[in-house]
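Trainee: Structure for this input, please:
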Amino acid sequence: MTTPTESAAGLGARRARQYLSLADAGHGEQADFVIAVLRDPGELLAVGAGLTALARMSARMLPPAPRARAGARQHELARLRDGAGSDVDALRSWLREAGAEVLAVARLAEPEPVARRVLFAPT
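Mentor: All right, here's what the predicted structure looks like:
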């Protein structure tokens, strides 16, 4: 449930961090539940925007070549998202792949587990 002052983008970012925190801790079923309860394509897209922002933020810390590869993977994820249209199941699949990408980039950019927990900590 959102608070009156929480925007859709803010809620999506919070859910993205929650999803990543659970996935990074090895709680895949709980992480999946975070996105399984979302029924509206707009809500799923808001979570995806949060994941994309975190992936790009982490990628900025990479050396040039890995940063370029991460950028190319973001373009592929965007194609996957666009291909999903408003299909909720396809968007959930896209979110899982986007989440895996965020975690991979975060591991490359910040190998210290404590730093990842700070990055994905719910606010």
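Trainee: Tell me how far the closest residue to M61 other than its chain neighbours lies from A72.
Mentor: Take M61 and drop its neighbours on the chain: the residue closest to it by C-beta to C-beta, 6 or more residues apart in numbering is A109, 3.9 Å away. (Glycine included, C-beta is placed from N, CA and C.) Between A109 and A72 the computed distance is 16 Å (C-beta to C-beta, to the nearest Å).
Trainee: same check, this time on E97
Mentor: From E97 across to A72, the span is 14 Å (C-beta to C-beta).
Trainee: between the two, which one's more packed in?
Mentor: E97 (16 against 10; other C-beta atoms under 10 Å).
Trainee: Go ahead and confirm the more buried one touches R79.
Mentor: No: using C-beta atoms under 8 Å, E97 makes no contact with R79, being 11.2 Å away.
Trainee: State the distance from D82 to S58.
Mentor: In terms of C-beta to C-beta, D82 sits 23 Å off from S58.
Trainee: Looking at these two, which is more packed in?
Mentor: Neighbour totals were compared for D82 and S58, and S58 leads with 23 against 9 (other C-beta under 10 Å).
Trainee: pretty sure that one contacts E101?
Mentor: No: S58 is beyond contact range of E101, at 9.6 Å (criterion: C-beta under 8 Å).
Trainee: overlap in contacts of the two?
Mentor: Counting by C-beta atoms under 8 Å, 6 or more residues apart in numbering, the contacts common to S58 and E101 are A70.
Trainee: And the residue nearest to V105 when sequence neighbours are not counted, how close does it get to L108?
Mentor: Spatially, and ignoring its direct neighbours in sequence, V105 is nearest to S58 (4.4 Å; C-beta to C-beta, 6+ apart). With distances taken as C-beta to C-beta, S58 is found 8 Å from L108.
Trainee: what do these two both touch?
Mentor: Joint contacts of S58 and L108 (C-beta under 8 Å, 6+ apart) are A70.
Trainee: Leaving out sequence neighbours, find the closest residue to G42.
Mentor: A8 (6.9 Å).
Trainee: I meant to write L22 there.
Mentor: A31 (3.8 Å).
Trainee: Over whichever strand or helix holds that neighbour, what's the mean pLDDT, rounded is fine.
Mentor: Assigned by DSSP states H and E, A31 falls within helix 28-36. Mean pLDDT, computed over helix 28-36, is 95.
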